[in-house]
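Asks: Would you be able to build a 3D model of this:
(chains A and B)
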Amino acid sequence: MSYFRAENLSLHFGGLKAVDSVSFAVEKGEILSIIGPNGAGKSSIFNLISRIYPPTSGKIFFEDQDITEQPAYEIAGLGIARTFQNIELFENATMLSNLLVGRHRHSSTQLWQELLFLPSVRAGEKVHRRRVEQVIEFLDLEAYRDKLISGLPYGVRKVIELARALCSEPKLILLDEPSSGLNVEETEDMSFWIRDMKSELGITVLMVEHDMTLVNRVSDRVIALNYGRVLAMGSPSEVQRHPDVVAAYLGA
Amino acid sequence: MRFLFKTDYEDDIKLFPHSGYYVSYGILLAFLLIAPFVLSSYLVSQLVFVCIYATVGVGLMILTGFTGQASLGHAAFLAIGAYTAAYLQQYNVPFPVYFLAGGLLTGVVGALVGFPALRLTGIYLVIATISFAFIVEEVLARWESVTHGNEGMRVKTLSLFGQAVPQNGPTFYYLCLAVLVLTIVGTLNLLRSPTGRAFVAIRDSETAARSMGVNVSLYKVKSFAISAGITGLAGVLFAHKLSFISPEMFTLQLSIEFIIVILIGGTFSLHGAVLGAIFLVMIDPFLTYLKDDMPGIIAGLAATFGADSITANKIHANAAAIASANGLKGAIYGVIIVLFVLFEPLGLYGRWLKIKLFFQLFPLYKRATFKRQKIYVKSERNR
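Replies: The predicted model follows:
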């Protein structure tokens, strides 16, 4: 049984088949990249997994549990965190409070306890903060703790979004184009972090990416999509040499 | 300028970041405590209104400022609190019980309003809350067996532990002040714990909040309930302060006044609720001044600049007519809101922060520090 599995997943908008019976599996501890031309359905698959859209048909399994019908907010509770293609941070809050929201699934205090700020809440806050500091150290974000997100440059926001996802201590992380908008150096940093996430934190990574250098450097396996269908699956070099993939990108 | 050297996680949790806060808030509290002995009874009475409006402001701030859900229905929540007090008082229920009952009942009603509000955002939510306020107003006017309809209800003098607490005395003022301070402390506690952060997350990006495991619907309902509950508590005090309540006191205009409280004060901080309440309470004396003195002053000025007595009298009559025109208050509210949204969207507290920074940086302040930048609207795809 695979760690994470999508079975015949479909998403139709009227006649448009954004995702057309896609099946794939992710093994525990691997980095799986999804590539494909624009509009191939990559981000749609992510939005199906994190339940922003309900699938037209098909099923999603995580740790042998059917999560197709789970409400969106419980997906994070199961240990699946994600980042967004066009950064979705909490703009008018500091980086610290953004990261602390990432800890939400681990908070267990009741409303009345919080109104009185009982010692249990205070102790919980310190535990959250310690975890957040570990992530800050992991991603070199020390300089931005009390900065408002709205004043930070794009590259930093991208890393903060990754940090927020890591703060929830996920088992599986979905990265939607982690390198978009980053320069060469930042992309290189990102590739190190993604590999460290796998090797040091033991997180399984599923990512959508256009930058083939990054894909080649970090991926264990690659899935190529076009028009909502799987074209090829395998190691990065296998997929890149696959005739259908070459045709999809070059139009040959 | 003070540089904070943080050595403990506690430094980011505590309410007062450094010792200077104890001094300034201590002085403020000391002044508020001796106020009934040094200020005239009129000013103390105004302070009571400031406390009540600020309490409502804090409640509305939780909903609108921190959760991002606009409401023009808070007059209705105030009414529910006030009528609960007036109704239970008839059966000799003691004050602490009907005070809490007012808050609790209003909180439950707030949660019920929150449910249909889950599917609405922005202007549609505003319309829904206005409709709710109209429904409550109608119910209060028609449900005569409980509310005495348009005749209104008398509210007896508050009695606390067998002691009468007249609404103009210092004890009532202390009671309102205590409610305000406790509300603010409770809200600050909420804002530094997971629930408060979930509220802010919902305000800034519902999609991201959901994907971080925040049950958006539940927290929106919670926010409505807390906001309404606080407003209900203020409503009980409001009923006692006025000692008479009737449906026409809880109109749309009152809801707009509450919006003014938080908008003028600044929607990003609880300071704003208090500053806004002070501002709002000061509008009424200002309008009285306008009505009584302005026509004379304008006519006097005209006479000084060479107008003959007939023209001066004409000017006096016109100015008096404008100053006592119906709906002048509403017009002034409108102008104030428009001016603040255009020129000081961060409100009075935002202005105060800018002034403070100017002195902190004194010779080095750059004029462009607070220049507003173009904010690119985020994609609404994933809402």
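
Asks: Quick check: B:Gly103 touching B:Leu78?
Replies: No - assessed by C-beta atoms under 8 Å, B:Gly103 is found out of contact with B:Leu78, at 11.6 Å. Using the backbone N, CA and C atoms, a C-beta is placed for each residue, glycine as well.

Asks: Looking at these two, which one has more neighbours?
Replies: Between B:Gly103 and B:Leu78, counting by other C-beta atoms under 10 Å in any protein chain shown, B:Leu78 is the more crowded of the two (35 against 24).

Asks: Enumerate the positions of whichever strand or helix holds A:Ser21 that are buried.
Replies: Per DSSP states H and E, A:Ser21 falls inside strand A:16-26. Neighbour-count burial for strand A:16-26, with 16 or more other C-beta atoms under 10 Å in any protein chain shown as criterion, is recorded at A:17-22, A:24-26.

Asks: want to try JSON lines for those residues, with distance to chain B and pLDDT as columns?
Replies: Converted to JSON lines, those look like this (distance: C-beta to the nearest C-beta, whole Å; pLDDT from 0 to 100):
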{"residue": "A:Lys17", "distance to chain B": "19", "pLDDT": "89"}
{"residue": "A:Ala18", "distance to chain B": "13", "pLDDT": "90"}
{"residue": "A:Val19", "distance to chain B": "16", "pLDDT": "91"}
{"residue": "A:Asp20", "distance to chain B": "21", "pLDDT": "89"}
{"residue": "A:Ser21", "distance to chain B": "24", "pLDDT": "89"}
{"residue": "A:Val22", "distance to chain B": "21", "pLDDT": "91"}
{"residue": "A:Phe24", "distance to chain B": "21", "pLDDT": "92"}
{"residue": "A:Ala25", "distance to chain B": "22", "pLDDT": "92"}
{"residue": "A:Val26", "distance to chain B": "18", "pLDDT": "93"}
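
Asks: out of the residues you listed, who's nearest B:Ile62?
Replies: A:Ala18 (38.8 Å; C-beta to C-beta).

Asks: Contact partners for that closest one?
Replies: Residues counted as contacts of A:Ala18 (C-beta atoms under 8 Å, 6 or more residues apart in numbering or on different chains) are A:11-12, A:41, A:44, A:228.

Asks: What count of nearby residues applies to residue 79?
Replies: Answering for chain A, as no chain was given. So A:Gly79, with other C-beta under 10 Å, has 18 neighbours.

Asks: I was after chain B.
Replies: 29.

Asks: what's the answer for A:Leu99, then?
Replies: 28.

Asks: Could you chop chain A up by domain?
Replies: Split into domains by automatic domain parsing, chain A comes to A:1-79+A:170-252, A:91-163.

Asks: and B:Ile315, which of the three is it?
Replies: Using DSSP: H, G, I helix; E, B strand; the rest coil, the structure places B:Ile315 in helix.

Asks: Equivalent analysis for B:Gly306, please.
Replies: Looking at B:Gly306 with three-state DSSP, the answer is coil.

Asks: Make sure A:Met207 is indeed in a strand.
Replies: Yes - assessed by three-state DSSP, A:Met207 belongs to a strand.

Asks: Now do it: how many residues are near it, please.
Replies: 24.

Asks: List the contacts of it.
Replies: A:31-34, A:174-176, A:178, A:194, A:219.

Asks: Okay, now the sheet partners of the strand holding A:Ser21, with direction.
Replies: Paired with strand A:16-26 in the same sheet, following DSSP bridges, are strand A:4-13 (antiparallel).

Asks: Can you give me the neighbour number for A:Leu182?
Replies: Neighbours around A:Leu182, by other C-beta under 10 Å: 19.

Asks: B:Phe238 against B:Thr55, yeah?
Replies: No - counting by C-beta under 8 Å, B:Phe238 sits too far from B:Thr55 to count as a contact (9.2 Å).

Asks: Settle this for me: A:Ile203 is touching A:Pro170, isn't it.
Replies: Yes - using C-beta under 8 Å, A:Ile203 is in contact with A:Pro170, at 6.1 Å.

Asks: what sits against residue 9?
Replies: Since no chain was named, I'll use chain A. So A:Leu9 contacts A:19, A:21-23, A:45, A:48, A:55, A:57-60 (C-beta under 8 Å, 6+ apart).

Asks: that's the wrong chain, I meant chain B
Replies: Contacts of B:Tyr9 (C-beta under 8 Å, 6+ apart): A:125-126, A:129-130.

Asks: Can you tell me the closest non-neighbouring residue to the closest residue to chain B within the stretch 1-150 of chain A?
Replies: Using C-beta to the nearest C-beta, the closest approach of the stretch 1-150 of chain A to chain B is made by A:Ala76 at 3.2 Å. Leaving aside its sequence neighbours, A:Ala76 sits nearest to B:Gly213 (C-beta to C-beta, 6 or more residues apart in numbering or on different chains; 3.2 Å).
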